[in-house]
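A.B. asks: give me a model of this one.
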Amino acid sequence: MNEDRRSTPEPGTGTGTEAAGAAAHGSGRRPPAPAAGGDALDARIVDTLQELSVCVDRLRQQRRELERERDVAVELQEAAERRVREAVEHLAGERRAARRLSTALEHLREHTLELHRALFAGDLTDLLLRAALAITGAARGVYFEVLESSGPGAGGEAVAPTGDPGPGFRLASSIDVPLGDGDSPPPVLRAVAQRCVAEGRSVLHEAAVADDADGARLGSHLLAAPVSLGGRLDGVVIVADKEGGFDEEDAKHLVSIGDQASVAWENRRLQRKLHSVHLEMVGMLADLAETKDPHTHGHCQQVAEVAYRLGERLGLEDEHLRVVSYAALLHDVGKVGVSDVILQKSDPLLAEEMELVRAHVRIGHGLLRRIPPLARVAEAVLHHHECWDGTGYPQGLAGEAIPVESRVVAVADSFCAMLEDRPYQKSRSRQEAMAELRRCAGTKFDPDVVTAMLALLTDDPALPAGGLTHQALLPDFGRREAPAGAAPLRS
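C.D. replies: Numbering: from 1, shown residues only. Below you'll find the model as predicted:
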C-alpha cells in the first residue's frame, strides 16, 4: 500500500518538472532553451557577420578596381579624343597643303604651256618671271641673264661691279622692282644672283632690309633659282615680297619653273630640227612637181605666198595657216603621175585626158598622207579643186563641207594661174583676174574668201612678189595676232 502511494501521485499533483511545464504552458510562456542551443546560435551569428565583412571587403575591392578601370577608361578616352583632334588638325593641314599644291600645280601647268608658247613669240624671260611670281605668290621679281662676258658689247645692263670675280648679268625682265639710276636693280639682287650662280642651287636670302635702302622695299625675304637652257646656265630668277615669307615648297616650285623652261627650250630645239627636215622634204616635193611642167615654174611659190597672206587676212589660226602654206606649195605635187604630153598639150583635152589631169589631186593626196605631219595638208590638197556650189572634184563637196584650207588655196591658185601664160591659155591682167574672182564668188569660190582676196590685192598691188625661198614661204609658225579688221572665217 505504501509503495503504491509513493509511485502513484495523488490527483492534482505530479512531478516538479511536469508541474513547472504545466504551469508554464498554462501561463503561455515558452520554457527556457537549454544552454547548448544558445551557443550554437551565437556562433552562427558570428559566422554570418564575418561573411558579411568579407563581402563588404570584396565589394570595396571591386569598387576600387572599377574606379581604377574607370580612370583608365577616362584616360584612354581623353587620349583617343586627343588623337582624334590631332588627326583632324593634321588632316585639315594636309587638305590645306593639298589645296595649295593643287593650286601651285595648276599654275605650273598653265604657265608651262605659256612657256612653251613663249618660245615662239620670243618673250620667254618675261613670261618665265610672271610664272615664277604666280606659282610662289610673290609680288615682284627680276630675271637676270648671265653674260659670258660683262665687257662692252655684251648688251643690256651689266650689273657685275668692276673687278668682281663673279659673273656678269643683264637685267632681262623686271616686275615692280625699284630701279636706281640707269635702271639698275638694287645691289642686294645682284648679290643674291651671284650667290645663286656660285652655289648652283636655289637661295633663300633673309633680312634684305639690312642690305640697303632699296632692299627694304623688296620685303624681308628673297628667293632665287638658277635657270638652265640647252645644258648651260641662262640666268637667275629672283622673286620677292611674299606675305608670310617663302618656304621650302616655294623653292621647289621656283626650281620647277626653271626646269620646265629648260624642257620647253629643248622641245623647241627639236621642233626646229624637225621643221628643217620637213622643209627640205617639202622643197624636194615642190621642185619635183615643177619639173613636170616648165610653164608653171615658180607658180607653186607664188600660190604659197598669196595663200598665206590671204589666210592672215581671214584671221586663220596658226595651225590653219601652216596647212594653207604647205598645201599651197604642194597643191600640184600629184602631177608627177600625169603624162608630160597631157600637161603641155595646147589643144583642148579629151574627156579621158581631163580625167587623167583631175587625178592629180588624188595622186598628191596619196603621196602626202604617207608623211604623218602632212596628213591635214594631204586633205587640203585633195579638195582644192572643189567648188562652192558642189560642181567641183574629186568628191563634189559644197559650201563649208570643203576644208577651209582648200577654199583658200583654190582662190590663190586660180588668181596666180590667170596671171601666167599656159599652153592652153594666155595670161590675163591683174584687173581681169580680180574681175573673174568676183564673177565666180558664190559659185566656184567661197564668197568670203573672195572678198578678203580682193581687199588684200587692193591693199598690196605688188602681190605676189615672187622669188621667195621655201624657208621664207614656210615660216616657223608661232602665235600671231590677226591683222586689224580680220574676221574669223567659217571652218
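A.B. asks: quick one: pLDDT of the nearest residue to A375 once chain neighbours are set aside?
C.D. replies: Distance criterion CB to CB, 6 or more residues apart in numbering; nearest residue to A375, sequence neighbours excluded, is R369 at 5.8 Å. In this view, the C-beta of every residue, glycine as well, is placed from N, C-alpha and C. The per-residue pLDDT reported for R369 equals 89.
A.B. asks: need the phi and psi values for R369.
C.D. replies: When quoted as degrees, to the nearest 10, the phi and psi of R369 stand at phi -70, psi -10.
A.B. asks: just the strands in the stretch 1-150 of the chain please.
C.D. replies: According to DSSP state E, counting those that start in this stretch, the stretch 1-150 of the chain carries its strands in the segments 140-147.
A.B. asks: neighbours around V377, how many?
C.D. replies: Other residues near V377 number 27, with proximity taken as other CB atoms under 10 Å.
A.B. asks: with G258 as the reference, measure out to T291.
C.D. replies: With distances taken as CB to CB, to the nearest Å, T291 is found 50 Å from G258.
A.B. asks: looking at the two, which is more packed in?
C.D. replies: Here T291 and G258 are compared on neighbour count by other CB under 10 Å; more neighbours surround G258, at 21 against 11.
A.B. asks: contacting residues around I175?
C.D. replies: If you count contacts by CB atoms under 8 Å, 6 or more residues apart in numbering, I175 has them with 129-130, 133, 140-142.
A.B. asks: between these, identify the one with the most neighbours.
C.D. replies: With neighbours set by other CB under 10 Å, the maximum within the contacts of I175 is found at V142, which has 31 neighbours.
A.B. asks: before we move on, the earlier item: so the residue nearest to A375 touches R376, yeah?
C.D. replies: No - no contact is recorded between R369 and R376 when judged using CB atoms under 8 Å, the distance being 9.6 Å.
A.B. asks: and the host helix or strand of D448, what other elements does it pack with?
C.D. replies: Element membership for D448, per DSSP states H and E: helix 447-459. Under the contact definition 3 or more CB pairs under 8 Å, 6 or more residues apart in numbering; DSSP states H and E, helix 447-459 sits against helix 299-313, helix 404-418, helix 430-440.
A.B. asks: can I have the last one written out in PDB, keeping just the CAs?
C.D. replies: Backbone C-alpha positions of helix 430-440 (Å, rounded to 0.1, in the frame of the first residue of the first chain) are rendered in PDB as follows:
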ATOM      1  CA  ARG A 430      45.600  91.800-162.700                       C
ATOM      2  CA  GLN A 431      42.300  93.600-163.000                       C
ATOM      3  CA  GLU A 432      40.900  90.900-165.300                       C
ATOM      4  CA  ALA A 433      41.900  88.200-162.800                       C
ATOM      5  CA  MET A 434      40.200  90.100-160.000                       C
ATOM      6  CA  ALA A 435      37.100  90.500-162.000                       C
ATOM      7  CA  GLU A 436      37.000  86.800-162.700                       C
ATOM      8  CA  LEU A 437      37.300  86.100-159.000                       C
ATOM      9  CA  ARG A 438      34.400  88.400-158.300                       C
ATOM     10  CA  ARG A 439      32.300  86.800-161.000                       C
ATOM     11  CA  CYS A 440      32.900  83.300-159.600                       C
END
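A.B. asks: and the closest residue to E386 other than its chain neighbours, how far from R362?
C.D. replies: With sequence-adjacent residues excluded and distances taken as CB to CB, 6+ apart, E386 is closest to G392, at 3.9 Å. As judged by CB to CB, G392 and R362 stand 13 Å apart.
A.B. asks: need the overlap of contacts for those two.
C.D. replies: In contact with both G392 and R362: no residue, using CB under 8 Å, 6+ apart.
A.B. asks: of those two, who's got more company?
C.D. replies: Neighbours were counted for G392 and for R362 using other CB under 10 Å; G392 has more, 21 against 15.
A.B. asks: surely that one touches G399?
C.D. replies: No - with contact defined as CB under 8 Å, G392 and G399 do not form a contacting pair (11.4 Å).
A.B. asks: so F144 makes contact with Q194?
C.D. replies: No - applying CB under 8 Å as the test, F144 and Q194 come out as separate, 9.5 Å apart.
A.B. asks: where do the helices sit along the stretch 251-400 of the chain?
C.D. replies: Shown for the stretch 251-400 of the chain, the helices assigned by DSSP state H, counting those that start in this stretch span residues 299-313, 318-330, 340-343, 351-358, 360-368, 375-382.
A.B. asks: wait, which of those helices is closest to S228?
C.D. replies: Between S228 and the helices of the stretch 251-400 of the chain, the tightest spacing by CB to CB is seen for helix 318-330, at 28.3 Å.
A.B. asks: now that closest one: how far from the chain's centre is it?
C.D. replies: The chain centroid and the centroid of helix 318-330 are separated by 28 Å under CA atoms, centre = their mean, to the nearest Å.
A.B. asks: now that helix and helix 360-368, what's the angle there?
C.D. replies: Going by axes from the mean of the first three to the mean of the last three CA atoms, to 10 degrees, helix 318-330 is angled at 120 degrees with respect to helix 360-368.
A.B. asks: helix 318-330 to helix 404-418, inter-axis angle?
C.D. replies: Following the same axes, to 10 degrees, one obtains 40 degrees for the angle between helix 318-330 and helix 404-418.
A.B. asks: how big is the angle separating helix 318-330 from helix 299-313?
C.D. replies: Our comparison of helix 318-330 with helix 299-313, counting by the same axes, to 10 degrees, yields an angle of 160 degrees.
A.B. asks: would you turn the helices and strands packed on helix 447-459 into TSV with distance to V56, mean pLDDT and mean neighbour count?
C.D. replies: As requested, these are exported to TSV (distance: least, CB to CB, whole Å; pLDDT from 0 to 100; neighbours: other CB atoms under 10 Å):
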stretch	distance to V56	mean pLDDT	mean neighbour count
helix 299-313	106	91	25
helix 404-418	103	95	25
helix 430-440	119	95	15
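A.B. asks: with distance to A327 added, can I get these in CSV?
C.D. replies: Formatted as CSV, these follow (distance: least, CB to CB, whole Å):
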stretch, distance to A327
helix 299-313, 8
helix 404-418, 5
helix 430-440, 19
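A.B. asks: closest to E81 out of those helices?
C.D. replies: Comparing those against E81 with CB to CB, the closest turns out to be helix 404-418 (68.1 Å).
A.B. asks: tell me what the closest one is packed against?
C.D. replies: helix 299-313, helix 318-330, helix 375-382, helix 430-440, helix 447-459.
A.B. asks: now find how far off-centre it is within its chain.
C.D. replies: Between the mean C-alpha location of helix 404-418 and the chain-wide mean there is a distance of 39 Å, by CA atoms, centre = their mean.
A.B. asks: can I get the CA coordinates of it in CSV?
C.D. replies: Listed in CSV are the C-alpha atoms of helix 404-418, where the atom choice follows Å, rounded to 0.1, in the frame of the first residue of the first chain:
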residue,chain,number,x,y,z
VAL,A,404,38.8,76.0,-145.2
GLU,A,405,42.4,75.5,-146.2
SER,A,406,41.3,74.1,-149.6
ARG,A,407,39.0,77.1,-150.1
VAL,A,408,41.9,79.5,-149.5
VAL,A,409,44.3,77.6,-151.8
ALA,A,410,41.6,77.4,-154.6
VAL,A,411,41.3,81.2,-154.8
ALA,A,412,45.1,81.8,-154.5
ASP,A,413,45.8,79.1,-157.2
SER,A,414,43.2,80.4,-159.6
PHE,A,415,44.4,84.0,-159.3
CYS,A,416,48.1,83.2,-159.8
ALA,A,417,47.2,80.9,-162.7
MET,A,418,45.3,83.6,-164.5
